[in-house]
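Novice: Sequence and predicted structure, then a few things I'm wondering about:
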Amino acid sequence: MVTYLCPLFSGSSGNATLVEIGGARILVDAGKPGNCLSAALRCAGIPPESIAALLITHEHIDHVRGAGVFSRRYGVPIYANAGTWEGMDPLIGDIAPANIRVFATEHGFFIKEAAVFPFKTPHDARESVGYRFEAESRSMVVMTDIGHADPLLLDCAAGSDLVLIEANHDPELVRSCRYPFLTKQRILSDNGHLSNENAGRALARLYSTGVRRAILAHLSRDNNFEELALSTVREQLRLADIPDEAFDLTVARRDEVTGMFQVAEG
Ligand SMILES: [Zn+2]
Ligand SMILES: [Zn+2]
């Protein structure tokens, strides 16, 4: 079965990632207006009405902005844990009861043939999660909005064929930018966002579990840029004796479809 991951939007202005695995087309987060999500899917060659499920990582607006509209327009069920449902309820409007799916973070579930494993992430939201998807011995992981990558979190991504991981900022740029002090503290905290350097360290650890391919995501508009994220992550990989050619790295685009990253052909 065809298996791929396709970042549609990435960053604090809106996040959405299309995943196809186990015969299911799944949208992880819907942080842009509904019409933008539909347009991006069509641009990727995917009819929006073919989406089987919408999975939400947490209630921040850059992850849920278009969730309600998308669910109502195409009758798509929304999956989230109880904490996230509470947090996003005032933000997404009425959802048809049949399309409200509540999971427990510790429990995996199926969407068609795809096994979905939510896992807890350290972030300043009610009950934020990342997702691991598995089918036919292939796996893909989506994890953004993570203050730090502890061993438990890395376990959830171990051995995956493709990892979409946050590389949010350069700490020096955050410290010297014009954000209010509290905002800086929030970004840099253990429950904030992952720096480029820490993303590189996390990927170096994941390399030892067999991970060879990653997409850097959720780059800060003000405190990061593509070349800096890539070079900082590469530097950390080299420090761990991982040569450039041994690890395939891409950066997810902020406002346009990045591309289809295939891990199995149909
Ligand atoms: Zn976010
Ligand atoms: Zn967030």
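Specialist: On my side now, so go ahead. Numbering: from 1, shown residues only. Ligands and ions are numbered 1, 2, ... in the order given.

Novice: Which residue is it, in the stretch 101-250 of the chain, that comes closest to ligand 2?
Specialist: residue 145 (3.9 Å; CB to the ion). Glycine gets a C-beta too; all of them are placed from N, C-alpha and C.

Novice: which residues make contact with the helix or strand containing residue 63 from outside it?
Specialist: Here residue 63 sits within helix 61-64, counting by DSSP states H and E. Helix 61-64 is contacted from outside by 11-15, 29-31, 56-57, 88, 91-92, 145, using CB atoms under 8 Å, 6 or more residues apart in numbering.

Novice: from the residues you listed, which is closest to ligand 2?
Specialist: Comparing these against ligand 2 with CB to the ion picks out residue 145 as the nearest, at 3.9 Å.

Novice: from memory that closest one sits against residue 60, does it?
Specialist: Yes. If you go by CB atoms under 8 Å, residue 145 and residue 60 touch, sitting 7.1 Å apart.

Novice: neighbour count winner among these two?
Specialist: residue 145 (28 against 22; other CB atoms under 10 Å).

Novice: buried stuff in stretch 185-198?
Specialist: 187, 188, 192, 193, 194, 195, 196, 197, 198 (16 or more other CB atoms under 10 Å).

Novice: before we move on, what about stretch 115-127?
Specialist: For stretch 115-127, by 16+ other CB under 10 Å, it's 116, 117, 118, 119, 121, 122, 123, 124, 125, 127.

Novice: Report the spatially closest residue to the fourth one, excluding sequence-adjacent ones.
Specialist: Read that as residue 119. The shortest distance from residue 119 to any non-neighbouring residue, by CB to CB, 6 or more residues apart in numbering, is to residue 156 (4.1 Å).

Novice: quick one: that neighbour is in a helix?
Specialist: Yes. Judged by DSSP: H, G, I helix; E, B strand; the rest coil, residue 156 forms part of a helix.

Novice: tell me the contacts of it?
Specialist: 117, 119, 130, 132, 141, 143 are the contacts of residue 156 under CB under 8 Å, 6+ apart.
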